[in-house]
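> 3D, please:
(one chain, ligands or ions: 1)
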Amino acid sequence: MADQETLSHEAALLPKTVRESASEMIELVLPNDANPLGNLLGGRLMHWIDLAGALAAHRHSRAHVVTASIDHLDFVTPVHVGDMVILQSSVNRAFHTSMEVGVRAIVENYISGTHRHVSSAYLTFVAVDKSGRRIQVPPLTPETEEEKRRYEDAGHRREIRRAERERKQRNSNGSL
Ligand SMILES: CC(C)(COP(=O)(O)OP(=O)(O)OC[C@H]1O[C@@H](n2cnc3c(N)ncnc32)[C@H](O)[C@@H]1OP(=O)(O)O)[C@@H](O)C(=O)NCCC(=O)NCCS
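Next up, the predicted model:
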């Protein structure tokens, strides 16, 4: 069993395209997801964004993943009970053990068929084995111009995140 898992992970280290792991998750907003005004709770949407992002990360890495970070999140427009929330996720770039995944949440009015943008986020997932040890992920091969732009941008964002972590680390060391 362990050998099978090792072999399948080696096979999973071959380069992959964005299309191979792009995912979509659909949630219908129910009263339990909403505040007393019938608006979707921000925390519930964050949970769905995390899950939708993990789907693409799992598919790209064919491994267990943990969420390392979620970048800045805006809630652009309210979502109501009865709305259909569509969460689209795709890997923007894979590094060594981590992957940046972009998630876009839209609301579809299933009567008119129209869509509204609700929120977008960048998440970083780290692939781990069953013992929680970090493992390598396969490289991502961007194909379209849009994918290539996202790939480049993800590299810049990674540097910004790294600098921010180092700044926080220095601050927390200084406050000891
Ligand atoms: C995320 C985690 C695995 C990173 O482990 P670590 O030993 O601190 O790792 P390192 O600093 O050596 O970095 C490992 C990788 O994670 C990335 N990383 C670490 N912290 C990150 C962060 N806050 N944001 C984005 N990427 C991050 C690094 O860039 C590196 O990527 P690479 O291997 O592709 O180059 C670890 O912090 C962890 O397990 N956190 C808890 C995860 C969790 O429980 N998530 C659920 C949310 S409650």
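> list the contacts for residue 19?
Contacts here follow C-beta atoms under 8 Å, 6 or more residues apart in numbering; on that basis residue 19 touches residue 143. Using the backbone N, CA and C atoms, a C-beta is placed for each residue, glycine as well.
> oh sorry, the question was meant for residue 68
Each residue near residue 68 by C-beta under 8 Å, 6+ apart is listed here: 98, 124, 125, 126.
> wait, does the one helix or strand the last one maps to contact the ligand?
Under the criterion of DSSP states H and E, residue 126 resides in strand 115-128. Yes - applying C-beta under 6 Å from any ligand atom, one finds that strand 115-128 is in contact with the ligand at 124, 126.
> In terms of secondary structure, what does that strand contact?
Helices and strands in packing contact with strand 115-128 are listed as helix 42-61, strand 64-70, strand 84-94, strand 98-108, helix 145-174; criterion 3 or more C-beta pairs under 8 Å, 6 or more residues apart in numbering; DSSP states H and E.
> could those go into CSV alongside distance to the ligand?
Shown next, in CSV, are those (distance: least, C-beta to the nearest ligand atom, whole Å):
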stretch, distance to the ligand
helix 42-61, 8
strand 64-70, 3
strand 84-94, 8
strand 98-108, 3
helix 145-174, 5
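> re the thing from before, show me which positions of the strand holding residue 126 end up buried.
For strand 115-128, the neighbour count (16 or more other C-beta atoms under 10 Å) marks 118, 119, 120, 121, 122, 123, 124, 125, 126, 127, 128 as buried.
> Over to stretch 16-23?
Residues 16, 18, 21, 22, 23 are the ones in stretch 16-23 that count as buried (16+ other C-beta under 10 Å).
> avg pLDDT for the helix or strand immediately after the strand holding residue 126 in the chain?
Once the chain leaves strand 115-128, the next helix or strand it forms, by DSSP H and E, is strand 140-141. Mean pLDDT, taken over the full extent of strand 140-141, equals 98.
> Against which helices or strands is strand 140-141 packed?
With contacts defined as 3+ C-beta pairs under 8 Å, 6+ apart, strand 140-141 has these neighbours: strand 16-17, strand 84-94.
> rerun that using 6 Å as the cut-off
Contact here means 3 or more C-beta pairs under 6 Å, 6 or more residues apart in numbering; DSSP states H and E; on that basis strand 140-141 packs against strand 84-94.
> could you dump the strand it packs on to PDB, C-alpha only?
Below are the C-alpha coordinates for strand 84-94, written out as PDB (Å, rounded to 0.1, in the frame of the first residue of the first chain):
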ATOM      1  CA  MET A  84     -26.200  29.800  -6.100                       C
ATOM      2  CA  VAL A  85     -22.500  30.400  -5.300                       C
ATOM      3  CA  ILE A  86     -20.100  29.100  -7.900                       C
ATOM      4  CA  LEU A  87     -16.400  28.800  -6.700                       C
ATOM      5  CA  GLN A  88     -13.900  28.400  -9.500                       C
ATOM      6  CA  SER A  89     -10.300  27.500  -8.600                       C
ATOM      7  CA  SER A  90      -7.100  26.900 -10.500                       C
ATOM      8  CA  VAL A  91      -3.400  26.600  -9.700                       C
ATOM      9  CA  ASN A  92      -1.500  29.800 -10.700                       C
ATOM     10  CA  ARG A  93       2.000  28.400  -9.900                       C
ATOM     11  CA  ALA A  94       3.600  25.500  -8.200                       C
END
